[in-house]
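In: Pasting a predicted model and its sequence here:
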Amino acid sequence: MHGILLGEEIPNFQAETTVGPISFHTFLGDSWGVLFSHPRDYTPVCTTELGRAVRLAPEFEKRGVKMIALSIDSVEDHLGWSKDINAYNGEAEPNDKLPFPIIADPKRVLAVLLGMLDPDEKDLEGMPVTARCVFIIGPDKKMKLSILYPATTGRNFDEILRVVDSLQLTANHSVATPVDWQPGDRVMVPPTMSEEDASKKFPCGVFSKELPSGKKYLRYTAPPK
C-alpha cells in the first residue's frame, strides 16, 4: 500500500494507547489532528522530540489540534518511557502522564497501513523501523500535510506548529503563505484568483512585485484578521 496521500481520508483505525483503546475518527472529533510516529521507545532522538512535543502541547491545544504519537512498542513500555520523557523536561518527580496518547503498534500494522516504514533503516532484528512521520489531519479527516523524516533525523516541532498556523489560515481564507511565513506576516494572493476578484476580496489592497518578465504573479496582501 502506498500510504495516505494528500487529500485522502485517514482510515478510522482502532488502536491501543496509553489512555486506553481508541477509534481514531472518534478521538479526533471535529478537531484538527497531528499524528507523529517514532522508531521505538527508549531511544535518544525520540525522547528529545516527545519532550519538545510535551512543551508545545498547550500551543497546539490553543489551535484546536489534538496530538497523538505512535511507536511500535507496547503500552506498558510507552508508560515507562513517558517517565523518562518527563524527566528529560526537568520534572523532579516524573510520572507517566503526557498531554497526548501514544499508540502501541507492536506488529507494525498501522505503520504498514499508513506507509510509515523506512526500508533503509533496520532494527536489531533486521526489521524495517518506523520512520519519523508527521501527518496533519483536518476536521474532515483528510490528510492536509505529510512530512517524512528518516529515523536518524529529529523533527522541528516549532516548524510543525508554524505549518498548522498556515494550514488553518489558508483553509479559512483565500490566501497562500510564502516562504518562511510567520503568523502576522503578509500573505499571497493565489494565482487562480483574478485581479478583479482579488480587489473585491482584499479591500486593504493587493501589491504586486515588479519582475523582469512583467508578469504580476507575486501578489501580496495584508494578513486576514
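Out: Sure, I can see it.
In: The residue lying closest to residue 134 once chain neighbours are set aside: what's it in contact with?
Out: Setting aside the residues directly before and after it, residue 134 is nearest to residue 147 in space (C-beta to C-beta, 6 or more residues apart in numbering), at 4.3 Å. Any C-beta I mention is one placed from the backbone N, CA and C, and that applies to glycine too. Counting by C-beta atoms under 8 Å, 6 or more residues apart in numbering, residue 147 touches 133-134, 155, 160.
In: In three-state terms, label residue 147 for me.
Out: In the three-state summary, residue 147 is assigned as strand, counting by DSSP: H, G, I helix; E, B strand; the rest coil.
In: tell me what the helix ranked longest in the chain is packed against?
Out: Looking only at the chain and at elements set by DSSP state H, the helix with the highest residue count is helix 44-62. Applying 3 or more C-beta pairs under 8 Å, 6 or more residues apart in numbering; DSSP states H and E, we find helix 44-62 packed against strand 32-38, strand 65-71, helix 75-88, helix 157-172.
In: Quick one: distance of the helix or strand of the chain with the lowest mean pLDDT to the chain centre.
Out: The least trusted helix or strand in the chain, going by mean pLDDT, DSSP states H and E, turns out to be strand 117-122, with a mean of 72. For strand 117-122, the distance from its own C-alpha centre to the chain's C-alpha centre is 21 Å (C-alpha atoms, centre = their mean, to the nearest Å).
In: what does that strand rub up against?
Out: Strand 117-122 has contacts (C-beta under 8 Å, 6+ apart) with 39, 108, 111, 128-131, 150-152.
In: Toward the C-terminus, what is the element adjacent to it?
Out: On the C-terminal side of strand 117-122, the nearest following helix or strand under DSSP states H and E is strand 128-130.
In: Which elements pack onto that next one?
Out: Applying 3+ C-beta pairs under 8 Å, 6+ apart, one finds that strand 128-130 makes contact with strand 117-122.
In: Would you mark the buried spots in the strand it packs on?
Out: 117-118 (16 or more other C-beta atoms under 10 Å).
In: Kindly provide the distance from residue 113 to residue 11.
Out: In this structure, residue 113 lies at 6 Å from residue 11, with C-beta to C-beta, to the nearest Å as the measure.
In: now do residue 154
Out: If you measure residue 154 against residue 11 using C-beta to C-beta, the figure is 27 Å.
In: which ones are touching the closest residue to residue 158 other than its chain neighbours?
Out: What sits nearest to residue 158 in space, not counting adjacent residues and going by C-beta to C-beta, 6+ apart, is residue 56, at 7.3 Å. Under the criterion of C-beta under 8 Å, 6+ apart, the contact partners of residue 56 comprise 157-158, 161.
In: would TSV of the residues you listed with distance to residue 142, neighbour count and pLDDT be doable?
Out: Rendered in TSV, the data for the contacts of residue 56 read as follows (distance: C-beta to C-beta, whole Å; neighbours: other C-beta atoms under 10 Å; pLDDT from 0 to 100):
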residue	distance to residue 142	neighbour count	pLDDT
157	22	23	97
158	25	11	96
161	20	17	97
